[in-house]
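**Student:** model this:
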Amino acid sequence: METKNYISYVSENVMLYGNFTARQNLDFFAKLGGKKNLAKQDYYNLFRRIGLQEDAFERKLKKFSKGMRQKVGLAIAMVKDADNILLDEPTSGLDPKAAAEFMGILKQLREEGKSILMCTHDIFRAKEVATKWGS
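**Tutor:** This is a model prediction of the structure:
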């Protein structure tokens with residue numbers, strides 16, 4: 001159980017609540033992770049950081065694209081503020097622009113000292129972010 005404090009996970013197919021808004025999803029998972037003192041503005045700031053458009057903050061997820069869902073998944077991983085982030089095919093199904101934005105966020109997290117372990121078939125993008133890689 002202690003290990004869970006140090007790891008966040010983003011799956012290839014982020015499973016979120018479609019009838020919840022982006023903020024409600026983030027709030028729900030933040031509270032599950034023990035973050036109970038966050039305000040609406042804290043969530044909005046995190047959404048801005050990951051590049052989610054402002055008109056989506058209070059929109060239900062069932063109408064989100066895969067890229068938008070991936071961004072919310074990354075926000076959920078980031079709100080936990082774990083030192084290590086595990087990612088399974090994080091850019092799968094994303095258009096080139098969304099994939100580049102996503103990888104830019106991962107670079108920022110790496111620069112902040114976060115460890116990122118990523119399983120991907122996209123070796124070119126992985127090499128952009130990675131300090132080590134293997135097969």
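
**Student:** how about the helices of the chain, start to end?
**Tutor:** Here the chain has its helices, by DSSP state H, at 22-32, 40-50, 66-79, 96-111, 123-129.

**Student:** May I have the beta-bridge partners of residue 119?
**Tutor:** residue 88 (DSSP bridges).

**Student:** before we move on, back to that, would you mind saying which of the helices of the chain lies nearest residue 14?
**Tutor:** Among these, helix 66-79 comes nearest to residue 14, with 3.5 Å by Cβ to Cβ. Using the backbone N, CA and C atoms, a C-beta is placed for each residue, glycine as well.

**Student:** Enumerate every residue touching residue 114.
**Tutor:** When contacts are counted by Cβ atoms under 8 Å, 6 or more residues apart in numbering, residue 114 touches 82, 83, 84, 85.

**Student:** mind redoing it with 7 Å?
**Tutor:** Shown in contact with residue 114 (Cβ atoms under 7 Å, 6 or more residues apart in numbering): 83, 85.

**Student:** tell me the pLDDT at it?
**Tutor:** With respect to pLDDT, residue 114 has a value of 91.

**Student:** coming back round to it: out of the helices of the chain, deepest packed?
**Tutor:** Highest mean neighbour count of the helices of the chain: helix 66-79, a mean of 22 (counted as mean count of other Cβ atoms under 10 Å).

**Student:** Check what contacts it and list those residues.
**Tutor:** In contact with helix 66-79 (Cβ under 7 Å, 6+ apart) are residues 8-10, 14, 16, 22, 25-26, 29-30, 35, 46-47, 50-52, 56, 61, 85, 90, 93-95, 98, 102, 105.

**Student:** Just want the angle from that helix to helix 22-32.
**Tutor:** 30 degrees (axes from the mean of the first three to the mean of the last three Cα atoms, to 10 degrees).

**Student:** ok and helix 66-79 relative to helix 96-111, angle-wise?
**Tutor:** Relative orientation of helix 66-79 versus helix 96-111 (the same axes, to 10 degrees): 10 degrees.
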